[in-house]
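In: Kindly generate the corresponding structure for this input.
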Amino acid sequence: MAPRKTRSQAAAVNNADNTTTSQKTRPQFPPISPKRRLQPRAILEDQIILVDGFMAPEECKHYVQFIDSQSLELTPPKKRGEAVRVNYRLSVTSTEMAEQLYSLLSPHLPPFPYPASLKRDGAEARVVHSFNSNIRMYKYTPGQHFGCHYDDSVRDPQTGAKSEWTLLVYLTGIEDGVKGGETIFYTGQKGKRGTEVITAPLTRGTALLHRHGHECLLHEGSPVISGTKYLLRSDLMFMD
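Out: This is a model prediction of the structure:
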């Protein structure tokens, strides 16, 4: 379980994303084709899941071009208590894209555990209700990174569903010559002996899901050394 000493960092993550300027004319996201026999694999049980091949190389290429055609913003200087974050980004509200992600990914996902705050004796694990319509696009160039932080939960005002897992889709990776930029998780307090470090590989087309909110592990986006890292971000939403 992650330490709870710096939860202000977590609030800064989602609040900052939600206040990123959305374009008045919503862009049309490129299509993503359904994939058969996707095999989710846990690299940490009930915490971190990878789904390789979620997007094909050509689809990733189209999304990189799409992101580069948008008016991205550089993150503003951090406020006190926030994690250090330097990258280009844009947030767009798109129920269509959220529904597309849900239809493509949710059939392949395993049941998810209840968070500790909702633990019920004999309760079965549950399935995803929807995906967050706040779609975020990120671009990291050499030297840019996202310091250690937690991802906080948000609630959909329309449905009442609450986010509990982060979804990241890597649009570029080592196949494109990107060095660095991996998502690194810490199972205890960073810097203390005995802390296990788990590094999720930066693989093009892979979807990374990790638990957030009160169950979130401390994690960071390591500095990009060379190449350009592109990714999409949404969240998995659940009903209480």
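In: quick one: residue 67 is in a strand?
Out: No - in this structure, residue 67 is helix, not part of a strand, as judged by DSSP: H, G, I helix; E, B strand; the rest coil.
In: host element of the nearest residue to it once chain neighbours are set aside?
Out: Among residues not flanking residue 67 along the chain, residue 137 sits closest, at 4.9 Å (CB to CB, 6 or more residues apart in numbering). No exception for glycine: its C-beta is placed from N, CA and C like everyone else's. Here residue 137 sits within strand 134-140, counting by DSSP states H and E.
In: Residue 97 too?
Out: Using DSSP H and E, residue 97 sits in helix 95-105.
In: Partner strands of the very next helix or strand once past that helix and their direction?
Out: Downstream of helix 95-105, the next assigned helix or strand under DSSP H and E is strand 130-131. Strand 130-131 has these partner strands in its sheet, going by DSSP bridges: strand 229-238 (antiparallel).
In: Tell me what angle the strand it pairs with forms with strand 134-140.
Out: For strand 229-238 against strand 134-140, the angle by axes from the mean of the first three to the mean of the last three CA atoms, to 10 degrees is 160 degrees.
In: now the angle from strand 229-238 to helix 95-105?
Out: Strand 229-238 and helix 95-105 meet at an angle of 80 degrees, taking the same axes, to 10 degrees as the criterion.
In: Distance from the chain centre to strand 229-238, please.
Out: 4 Å (CA atoms, centre = their mean, to the nearest Å).
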